[in-house]
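Participant: I'd like to go over a predicted model; first the sequence, then the structure.
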Amino acid sequence: MDSSHRLFSFQRILAIAANTLTELTRQKVFYVLLIFALVLIGSSVFMARFSFQQEFQIMKDISLGAMSIFSSLLAIVATARLIPQDVDDRTIYTILAKAVPRFEYLLGKLLGVLLLLAISVVLMSALFIVVLYVREQTVVSETLRQMSRAPREQMDNALNAVRAAGLNIDILAGVAVIYLKACLLAALTLFVSTFATTNIFTVVVMVFVYFIGHLQSTAREYWLEQQTTGWLTRAFLALVALIFPDLQAFNLVDEIVAGVAIPLALLANTALLGIFYIGIYTLAATFVFYGKEL
Amino acid sequence: MTEEAIAVEGLTKVFHVPFHRKAIVAVRDLNLRVGPGEVYGLLGPNGSGKSTTLKIILGLVSPTHGRTKIFGRDSSLVESREAVGFLPENPYFYRFLTGEETLRFFGKLCRLTGSRLNDRVRELLELVGLTNARDQRLSTYSKGMLQRIGLAQALVNEPKLVVLDEPTAGVDPAGSRAIRNIIADLRQRGITVLLSSHLLTQVQEICDRVGILARGVLVREGHLEELIAIENRTELVLENASDALMKEIEKLAANSNAKLVERRRSTTTLERLFLDATKRNDETEMSKPEEMTKSE
């Protein structure tokens, strides 16, 4: 045994993260959610369509929407039960009775969930990209066949239009932001679960947070546009914005579906905002967890 | 001077009930010292504050007043638990892991890797008699097996102090005997053991010193033999004593103003009877297939 204690050990965090990942992947809920998402993404190819642009738009809309909802749901459901379950099984006592700092325990748990979300998002993205690529190639072949006698320039324009509407780099940006949103929700769920007494409570709170997070920017814009908005309303809106994450900021699906290019600056800003939220929630979770009587 | 394994000074723990004005005093002004290599039993009825005391010693719960130290280091410091193993009451652990995976996980938490981890896991499975169940998931383990794997995880870091909360509660006599044998083995190796229990006979067998908690207050404490001895009485256990000899002893006692309080035949314990009976039964069961093969 190495008798010297280390205040921070990545090995301990990795051990907890790997164990959390094993725990989550051995649960049926993970597979049920993932299969639902994969079926939805796969079935987007059969949706009604009038043109290839519409077809690709519908595919992107459904697939990215499914990825966003299922990864968010998975983040909340998977994270909510981690700490209460460990307390119920008394496993938390055996872990923290060893020389494991509480923040390492929390980081390990969070890292395990983030790995699970990464696996899920990669699987969903892979299926989405394959489906979209296959459809794009089919449309390209059809276009080539239909325009075989058209002038070269016209054909190139048509093919460019197909490719622009199909698979492009912005989809990866959209996927990255969806993953970031799920990570943020996982961190926030972890924070709520540090003071919640049951995982049902955590899930209910998180469902409210999810809706408030998506609606708050619209509400804020509406209230701030009103001439009569007083300081009390403004203070309240500022408080809401501080406590609840602005989840609408992590929604790039509309832009991607509409074919609007995602500027790098917007992506960087969104990523920074996400990392900021994750950091704040993890710190808050650590602060509460250190004061928790087990 | 040898450092105390555990030192508890003026410990008080008050739990405030949310939305109520009342507070519950779980432990009141507790002072406790456990020397290195000692097996100390914390006794008391349910709700007497045993588990709370153990949790405070392990830094899982913070004290309202007072302080606790492990080998001279404040319990609130993470590094004080570097050489500590803990088995909580009724643990379930991660049911999705096998016995071996469980020990590997806890070993990694103690920064064991490679061959050291492999060797330690193998040793511990052997020590607690779970080598054959190493690949079984904990969800299939019996209560006694869970306690034993719990004990193994508590020992994974080769601790100098092992804290056991009701280690034999709910375990059948054979499992309980196995756990007590392991505790006796720990004492032989100089490892300090602090255990809580309300199974008094078992505690009597394995503890050097005991403390009795009642409503959070330490009401009695000391060496077991001193605490349970009846000062003015002496027991003689004789083998093959004839009636004539017994009469002679009784006469001598009467002549010296001593009083023979009780004369009875020595008995075995119910536990020993049970273990012998079930062992013989197991042996018979195990030999049955062989007998059948012979008869065939």
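Facilitator: Good, I have the coordinates. Model, not experiment: these values are computed from the prediction.
Participant: State the number of residues packed around the one residue in the stretch 51-200 of chain A that gets nearest to chain B.
Facilitator: Using C-beta to the nearest C-beta, the closest approach of the stretch 51-200 of chain A to chain B is made by residue A:97 at 3.5 Å. To be clear about C-beta, it is placed using only N, CA and C from the backbone, and glycine gets the same treatment. Residue A:97: 23 surrounding residues under other C-beta atoms under 10 Å in any protein chain shown.
Participant: and chain B, which residues reach chain A?
Facilitator: Within chain B, the positions lying close to chain A (C-beta under 8 Å from any C-beta of the partner chain) are B:15, B:55, B:58-62, B:78-79, B:81-97, B:105-106, B:108-113, B:150, B:153-154, B:157-158, B:163.
Participant: Give the other helices and strands that the helix or strand in which residue B:106 is found contacts.
Facilitator: Take DSSP states H and E as the rule and residue B:106 turns out to sit in helix B:99-109. When contacts are defined as 3 or more C-beta pairs under 8 Å, 6 or more residues apart in numbering or on different chains; DSSP states H and E, helix B:99-109 sits against helix A:10-25, helix A:91-96, helix B:114-127, helix B:143-154.
Participant: what separates it from the chain centre, distance-wise?
Facilitator: 22 Å (C-alpha atoms, centre = their mean, to the nearest Å).
Participant: how big is the angle separating that helix from helix A:10-25?
Facilitator: Per axes from the mean of the first three to the mean of the last three C-alpha atoms, to 10 degrees, the angle that helix B:99-109 makes with helix A:10-25 is 150 degrees.
Participant: With mean pLDDT as added columns, please give the helices and strands packed on helix B:99-109 in CSV.
Facilitator: CSV is the format used below for the helices and strands packed on helix B:99-109 (pLDDT from 0 to 100):
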stretch, mean pLDDT
helix A:10-25, 94
helix A:91-96, 93
helix B:114-127, 95
helix B:143-154, 92
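Participant: and the host helix or strand of residue A:55 with chain B, contact?
Facilitator: Here residue A:55 sits within helix A:52-80, counting by DSSP H and E. No: judged by C-beta under 8 Å from any C-beta, helix A:52-80 and chain B are separated, with a smallest distance of 13.8 Å.
Participant: For residue A:256, give me its contacts.
Facilitator: With C-beta atoms under 8 Å, 6 or more residues apart in numbering or on different chains as the criterion, the residues that contact residue A:256 are A:60, A:64, A:170, A:171, A:173, A:174, A:262.
Participant: Over to residue B:122?
Facilitator: By C-beta under 8 Å, 6+ apart, residue B:122 lies in contact with residue B:131.
Participant: dump the residue contacts of residue 259.
Facilitator: All of this refers to chain A. Counted by C-beta under 8 Å, 6+ apart, residue A:259 has contacts A:57, A:164, A:165.
Participant: Can you look at chain B instead?
Facilitator: So residue B:259 contacts residue B:253 (C-beta under 8 Å, 6+ apart).
Participant: picking up where we left off before, name the residues that touch the helix holding residue B:106?
Facilitator: A:11-12, A:14-16, A:19, A:94-95, A:98, A:100, B:93-94, B:97, B:117, B:120-121, B:124-125, B:130, B:133-136, B:138, B:141, B:145, B:149, B:152-153, B:156-157.
Participant: swap in stretch B:32-44?
Facilitator: For stretch B:32-44, contacts defined as C-beta under 8 Å, 6+ apart pick out B:2-8, B:11, B:50, B:53-54, B:71, B:160, B:183, B:186-187, B:190-198, B:200, B:203, B:206-214, B:218, B:221, B:224.
Participant: List only those of these flagged as buried.
Facilitator: Among those, those buried by neighbour count (16 or more other C-beta atoms under 10 Å in any protein chain shown) are B:4-8, B:11, B:50, B:53-54, B:71, B:160, B:183, B:186-187, B:191-197, B:203, B:206-213, B:218, B:221, B:224.
Participant: out of the residues you listed, which are inside strands?
Facilitator: B:6-8, B:11, B:192-197, B:209-213, B:218, B:221 (DSSP state E).
Participant: and the stretch 151-294 of chain A, which of its residues are near chain B?
Facilitator: Counting by C-beta under 8 Å from any C-beta, the residues of the stretch 151-294 of chain A near chain B are A:293, A:294.
Participant: Would you map the helices across the stretch 151-294 of chain A?
Facilitator: Secondary structure of the stretch 151-294 of chain A, counting by DSSP state H, counting those that start in this stretch: helices at A:152-165, A:169-195, A:199-225, A:231-243, A:253-258, A:264-290.
Participant: returning to what we had before: are any of the contacts of residue A:259 buried, and if so which?
Facilitator: By neighbour count, with 16+ other C-beta under 10 Å, the contacts of residue A:259 hold A:57, A:165 as buried.
Participant: Identify the residues contacting residue B:30.
Facilitator: B:8, B:10, B:11, B:12, B:49, B:53, B:66, B:213, B:216, B:217, B:218.
Participant: ok so, going back, taking their axis directions, the helix holding residue A:55 and helix A:199-225 sit at what angle?
Facilitator: On the basis of the same axes, to 10 degrees, helix A:52-80 is oriented at 130 degrees to helix A:199-225.
Participant: packing partners for helix A:52-80?
Facilitator: The contact analysis (3+ C-beta pairs under 8 Å, 6+ apart) places helix A:52-80 against helix A:28-43, helix A:102-146, helix A:152-165, helix A:169-195, helix A:199-225, helix A:253-258.
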